[in-house]
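In: let's see this in three dimensions:
(one chain, ligands or ions: 2)
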Amino acid sequence: MSQTRTEFEAKAAESGAGATEAFRRKQRSGGAAVPAERVSAMARDALEAIHDVIRKHEMTYEEYDALKAWLIQVGEDGEWPLFLDVWVEHVVEDVNTSHRSGSKGSIEGPYYVPDAPALPHDGTIPMREDEPGTPLTWNGQVTSTDGSALGGATVELWHADSNGFYSQYAPGLPEWNLRGTFVTDEQGRFAIRTVQPAPYQIPTDGACGTLIAAADWHAWRPAHLHVKVSAPGHELLTAQLYFPGDPHNEDDIASAVKPELVLDPQDAGDGSVTVDYGFVLDPVSADAPSTR
Ligand code: MBD
Ligand code: FE
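Out: Numbering: from 1, shown residues only. Ligands and ions are numbered 1, 2, ... in the order given. Below you'll find the predicted structure:
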């Protein structure tokens, strides 16, 4: 990768390869075996659902071949993580967090990277000296469902820049740009300085983009902040936060917006924006499904 390339030259196959590699690293450390009965039951139902679509629409052989060619392309472009996280993960998230009484979560998506630089409870996320975008100051508190403050909780934040690109998935950006790990103070509080992200368009030059163009859909997610919030004895909360008025809050391609996740930013009057938003974590209970 040459140093003179910029984020605007991002390629689907490059971000796809990166997301595939990152997923494999995560799997190695946390992959659990799925019992054969569940594999059998879910695979059979998935195949039957596909058979139903073929019968309902009387799929032609031309269409079957187009499907086969497209599936091969998804793999070649490394876009399985993108495809699954955009069109499937939101249901998995829903099923696995419905027991919670604390804060709503949302999907992780393909661009999380663990072990982002550690910062104090009050800190500025790593960014370029001339980082474009509206400065954003975010104050919040992490509590448990009983209202007690969670000091020493971890708030991992990652998001696209004001051009809609993620560090490590587009060229020309510093490795940890707009990625940081904050730790709350004794009152569970944090104060984060960053910049507002832009709406995000998934790569249009790969297989997912081919599907979007062929179906005449759009490729947009609303502007969003990604977080993972964790504290000992509590379930990990993976969430995304959104900005009011974004046209794509209503038609997110990844179906990951919930009304509870829309921020209420205030104009600070100096060209920057402040926002208050905190998290309530559910204590771990014996019968809760595992979530990451
Ligand atoms: C993203 O930035 C994202 O958050 C999701 C869920 C899918 C694709 C790109
Ligand atoms: Fe994202």
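
In: ranges for the helices of the stretch 151-292 of the chain?
Out: Ranges of helices in the stretch 151-292 of the chain, per DSSP state H, counting those that start in this stretch, are 207-215.

In: those residues of the protein touching ligand 1, which are they?
Out: Selection of the chain residues close to ligand 1 by C-beta under 6 Å from any ligand atom yields 82, 85-86, 107, 109-111, 200, 202, 221, 254, 256. No exception for glycine: its C-beta is placed from N, CA and C like everyone else's.

In: how about JSON lines for those residues, with pLDDT added?
Out: JSON lines is the format used below for the residues of the chain next to ligand 1 (pLDDT from 0 to 100):
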{"residue": "L82", "pLDDT": "97"}
{"residue": "D85", "pLDDT": "98"}
{"residue": "V86", "pLDDT": "98"}
{"residue": "I107", "pLDDT": "98"}
{"residue": "G109", "pLDDT": "97"}
{"residue": "P110", "pLDDT": "96"}
{"residue": "Y111", "pLDDT": "96"}
{"residue": "Y200", "pLDDT": "90"}
{"residue": "I202", "pLDDT": "92"}
{"residue": "R221", "pLDDT": "97"}
{"residue": "A254", "pLDDT": "98"}
{"residue": "A256", "pLDDT": "98"}
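
In: tell me the secondary structure at E63.
Out: helix (DSSP: H, G, I helix; E, B strand; the rest coil).

In: quick check: R100 touching P283?
Out: No - the pair R100 / P283 is not scored as a contact, 10.3 Å apart, by C-beta atoms under 8 Å.

In: overlap in contacts of the two?
Out: Taking C-beta atoms under 8 Å, 6 or more residues apart in numbering as the contact rule, R100 and P283 both touch E235.

In: and those two? Which one has more around it.
Out: More crowded of R100 and P283, by other C-beta atoms under 10 Å: R100, with 17 against 14.

In: got the residue ranges for the strands in the protein?
Out: 118-119, 122-124, 135-144, 154-159, 179-183, 189-195, 200-201, 220-221, 224-230, 237-242, 266-267, 273-276, 279-281 (DSSP state E).

In: avg pLDDT for the first one?
Out: Pointing back at strand 118-119 there. Strand 118-119 shows a mean pLDDT of 96.

In: what helices or strands is that strand leaning on?
Out: In this structure, strand 118-119 makes packing contacts with strand 179-183, judged by 3 or more C-beta pairs under 8 Å, 6 or more residues apart in numbering; DSSP states H and E.

In: quick one: the strand it packs on to chain centroid distance?
Out: Chain-centre distance of strand 179-183: 16 Å, with C-alpha atoms, centre = their mean, to the nearest Å.

In: again with stretch 252-265
Out: 12 Å.

In: wait, A219 touches P199, no?
Out: No - because the distance of 10.3 Å does not satisfy C-beta under 8 Å, A219 is recorded as not touching P199.

In: can you put the residues of the chain next to ligand 1 in CSV and add distance to A33 and neighbour count?
Out: Output for the residues of the chain next to ligand 1, formatted as CSV (distance: C-beta to C-beta, whole Å; neighbours: other C-beta atoms under 10 Å):
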residue, distance to A33, neighbour count
L82, 26, 27
D85, 22, 23
V86, 27, 24
I107, 24, 22
G109, 25, 23
P110, 24, 25
Y111, 27, 24
Y200, 34, 23
I202, 31, 24
R221, 33, 26
A254, 28, 23
A256, 28, 23
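
In: from these, which is closest to I50?
Out: V86 (18.8 Å; C-beta to C-beta).

In: list the contacts for that closest one?
Out: Counting by C-beta under 8 Å, 6+ apart, V86 makes contact with 202, 208, 253-254.
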